[in-house]
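A.B. asks: below is the sequence, then the predicted model.
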Amino acid sequence: MSIILKDLGPGDIDWLVAEHSRLYARDEGFDASFGRLVRQILEAFARDHDPARERAFIAWDGTERLGSIFCVAQDAQTAKLRLFFLVPEARGRGLGKRMLSECMGFARACGYRRMVLWTHESHAAACALYRHAGWRMTRSEPRHSFGVDVVEQAWETAL
């Protein structure tokens, strides 16, 4: 696999918003509010992140973007995993596992003691990756978000 992980760069925000919006609308029925949330998260990261303790990992195969995962500070001891995403063509090849491992390793190296994330029950493959990497679900509750009924989940792991 010749895939490399780069930091957030030119064009990445627009690509991530477009791909999240397109695929979550197609696969989950999410409305436009989801894309707006993704843009807010990305723009805040680009503007305010601390490069010593927060990082974006954008997966590239040559000139093609394949996905992302972000490590951001929730507090001094806790990192938050955000925007873990792979295009469908990149799934099932071990890239998600690699990206999760890189992100967790970065958080550990920064001195975070634990890591948390928020997701939806429908993301079964990602949840299986989390479980396999030692994460545990701490909360699961039905909600109406992004125009559809979902089951939100919170996960965490010790680093």
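C.D. replies: Sure thing, it's come through.
A.B. asks: contacts for stretch 93-101 next, please.
C.D. replies: Stretch 93-101 is contacted from outside by 1, 3, 5, 57, 59, 66-67, 69, 81, 84, 86, 125-126, 129-130, 132-133, using CB atoms under 8 Å, 6 or more residues apart in numbering. The C-beta positions use only the backbone N, C-alpha and C, and glycine is treated the same way.
A.B. asks: can you give me the buried ones in that stretch?
C.D. replies: Leu95, Gly96, Arg98, Met99, Leu100 (16 or more other CB atoms under 10 Å).
A.B. asks: now the helix or strand of the chain with the lowest mean pLDDT: buried residues?
C.D. replies: In the chain, no helix or strand scores lower on mean pLDDT, DSSP states H and E than helix 124-132, which sits at a mean of 93. Residues of helix 124-132 classed as buried: Ala126, Cys127, Leu129, Tyr130 (neighbour count, 16+ other CB under 10 Å).
A.B. asks: how about JSON lines for these, with distance to Leu16 added?
C.D. replies: Shown next, in JSON lines, are the buried residues of helix 124-132 (distance: CB to CB, whole Å):
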{"residue": "Ala126", "distance to Leu16": "16"}
{"residue": "Cys127", "distance to Leu16": "21"}
{"residue": "Leu129", "distance to Leu16": "19"}
{"residue": "Tyr130", "distance to Leu16": "20"}
